[in-house]
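In: just coords:
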């Protein structure tokens, strides 16, 4: 099921800032959203808080594997160090689904330096792990969690969406547009090198030019 | 000598489109510009043509090594396949100078796929080859040659400048600003992965959205 308009979305790592911001915005637009976390309790607390904030009841919480099992579309928004282990934990629940990987492979402490894994982007390793039965899509790496959380904030940063499955990529472009973001299908999964690396470039710009949140806009389209 | 305002600039590969566009714009702003090519004759022809176009006499032509020897700042604007051989050819003339590498590591025929060399960006291999005595700076990979050539065209694409030597990076930011481009110091040379890969992303966007020349703008700075 790839109809963005009616999809149930699980956000693994939805108790974190970036995942929480995306979950909040999709819930606000009427999606059924399942917050995933390592423990069901922590996820349920975050879900209750989100429902209270929004005045809704379409957000629930579950442990990551249950959250993935209940969803049509699964978002991976965990720290880089937990990326592969979380994918392995939910692998059995992903067949035929879209997995949106938000992971930025930052290597502290030098987060303003691009330090991609050997062999290219972090998301390609996930696709390799899962095989062709899961439609892995890379997106949202460059969007400030702070801005996502403020529902009225206009976000001055476009979303680069990379996917080997073009239709899955378009579904994610639509999901981004629903929550007020400009988004573009930016080519196959290997192009995610740019989106993943760009976060470090933006951090470098923030530091050099003493601004809180630089971003990018695509021009000429 | 790093004073951008009075620098003599050699453009190796200045008979090509991208190099020619940059050379034209700097010459138009009054710099002494030396077109470099494999043969002096070809370079001199291109220089004469540029002087005729601009109504100036500040453009000369020379074989690449001579061009590099006569310049304060050297620009490398050759095809990826000729990058390393050209660097080796002019190495002896680069000590203490800034080398601006414009190379985009496209691998035909799949130029809309990011295919960076093993180990990261193409420019890092150049810095490694030359050692610390040369200040290698990466820039201009995403700027359309077509737009550069039209002196009145407003170019809707920012320049990401990457350099381990921040002062050299700032010199190149200033050189870009002189010719009407918005430019930013985007961190150390390893961050050039993003600028080099971005060209393939922009080609992917051009194809997908049927536009002639997409670009990027940095926001929030």
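Out: Everything's here; your move. Keep in mind that what you see is a predicted model, and the values were worked out from it rather than measured.
In: any idea how far the closest residue in space to residue A:168 that isn't next to it in sequence is from residue B:63?
Out: Nearest residue to residue A:168, sequence neighbours excluded (CB to CB, 6 or more residues apart in numbering or on different chains): residue A:135, at 3.9 Å. Glycine gets a C-beta too; all of them are placed from N, C-alpha and C. For residue A:135, the distance to residue B:63 equals 53 Å [CB to CB, to the nearest Å].
In: so if I had to pick from those two, which one is more boxed in?
Out: Of the pair residue A:135 and residue B:63, residue A:135 is the one with more neighbours under other CB atoms under 10 Å in any protein chain shown, namely 23 against 20.
In: beta partners for that one?
Out: When bridges are called by DSSP bridges, residue A:135 pairs up with residue A:98.
In: can you give me the buried ones in stretch A:17-31?
Out: Using 16 or more other CB atoms under 10 Å in any protein chain shown as the burial criterion, the residues of stretch A:17-31 that qualify are A:18-28, A:31.
In: also stretch A:86-94?
Out: Buried, per 16+ other CB under 10 Å, within stretch A:86-94: A:86-87, A:89-91, A:93-94.
In: show me the contacts for residue A:127.
Out: A:134, A:136, A:164, A:189 (CB atoms under 8 Å, 6 or more residues apart in numbering or on different chains).
In: so which strand or helix has it?
Out: Following DSSP states H and E, one finds residue A:127 within helix A:122-130.
In: up against chain B, what does chain A have?
Out: By the rule CB under 8 Å from any CB of the partner chain, the part of chain A lying against chain B is A:112-116, A:120, A:156-157, A:160, A:184-188, A:190-191, A:193-194, A:197-198, A:200-201, A:204-205, A:208-209, A:211-221.
In: swap the cut-off to 7 Å and go again
Out: Within chain A, the positions adjacent to chain B are A:112-114, A:116, A:156-157, A:160, A:184-188, A:190-191, A:193-194, A:197-198, A:200-201, A:204-205, A:208-209, A:211, A:213-221 by CB under 7 Å from any CB of the partner chain.
In: which of the residues you listed fall in helices?
Out: Among those, the ones falling in helices (DSSP state H) are A:193-194, A:197-198, A:200-201, A:204-205, A:208-209.
In: how about the residues you listed in TSV, adding neighbour count and distance to residue B:141?
Out: Formatted as TSV, these follow (neighbours: other CB atoms under 10 Å in any protein chain shown; distance: CB to CB, whole Å):
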residue	neighbour count	distance to residue B:141
A:193	30	14
A:194	33	11
A:197	31	13
A:198	29	14
A:200	27	17
A:201	28	13
A:204	24	17
A:205	26	17
A:208	18	19
A:209	13	21
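In: from the residues you listed, pick the one nearest chain B.
Out: The nearest member of those to chain B, counting by CB to the nearest CB, is residue A:204 at 3.3 Å.
In: residues contacting the closest one?
Out: Residues in contact with residue A:204, defined by CB atoms under 7 Å, 6 or more residues apart in numbering or on different chains, are A:112, B:186-187, B:191.
In: just flag the most distant two among those.
Out: Using CB to CB, those span at most 9.6 Å, a distance reached by A:112 and B:186.
In: tell me which of the two has more neighbours.
Out: Neighbour tally, residue A:112 and residue B:186, criterion other CB under 10 Å: the higher count belongs to residue B:186, 30 against 20.
In: if the closest residue to the more buried one other than its chain neighbours is in a bridge, with which residues?
Out: Nearest-residue entry for residue B:186: residue B:160, 4.2 Å, with adjacent residues in sequence omitted and distances by CB to CB, 6+ apart. Counting by DSSP bridges, residue B:160 forms beta bridges with residue B:184.
In: just give the number of residues close to residue A:35.
Out: For residue A:35, the number of neighbouring residues by other CB under 10 Å comes to 31.
In: got the phi/psi numbers for it?
Out: When read as degrees, to the nearest 10, the backbone of residue A:35 gives phi -80, psi 130.
In: can you classify the nearest residue to it once chain neighbours are set aside as helix, strand or coil?
Out: Distances taken as CB to CB, 6+ apart place residue A:14 nearest to residue A:35, at 3.7 Å, with adjacent residues excluded. Here residue A:14 is recorded as coil under DSSP: H, G, I helix; E, B strand; the rest coil.
In: check contacts around residue A:14.
Out: A:20, A:23, A:35-37, A:43, A:46, A:77.
In: and residue A:161, by the same measure?
Out: So residue A:161 contacts A:137, A:139, A:169, A:172-173, A:183-186 (CB under 7 Å, 6+ apart).
In: and residue A:69, by the same measure?
Out: Contacts of residue A:69 by CB under 7 Å, 6+ apart are residue A:93.
In: the same query, at a cut-off of 10 Å, please.
Out: Contact analysis of residue A:69 by CB atoms under 10 Å, 6 or more residues apart in numbering or on different chains lists A:10, A:34, A:62-63, A:90, A:92-94, A:97.
In: in a strand, that's where it is, yeah?
Out: No - the assignment for residue A:69 by three-state DSSP gives helix, which leaves it out of any strand.
In: thinking again about what came up before, which of the contacts of residue A:127 has the most neighbours?
Out: Per-residue neighbour counts (other CB under 10 Å) across these peak at residue A:136, which has 28 neighbours.
In: any idea how far it lies from residue B:128?
Out: With CB to CB as the criterion, residue A:136 and residue B:128 are 33 Å apart.
In: show me the shaky parts of chain A.
Out: Applying pLDDT under 70 to chain A flags residues A:1-5.
In: spatially central, which residue of it would that be?
Out: Nearest residue to the geometric centre of chain A (CA atoms, centre = their mean): residue A:102, 3.5 Å.
In: surely that one meets residue A:126?
Out: No - contact between residue A:102 and residue A:126 fails when scored by CB atoms under 10 Å: they sit 11.2 Å apart.
In: any residues in contact with both of these two?
Out: A:76, A:83, A:138.
In: for the last one, grab phi and psi.
Out: When quoted as degrees, to the nearest 10, the phi and psi of residue A:138 stand at phi -100, psi 130.
In: ok, and the closest non-adjacent residue to it?
Out: Excluding its sequence neighbours, the residue lying closest to residue A:138 (CB to CB, 6+ apart) is residue A:192, at 3.8 Å.
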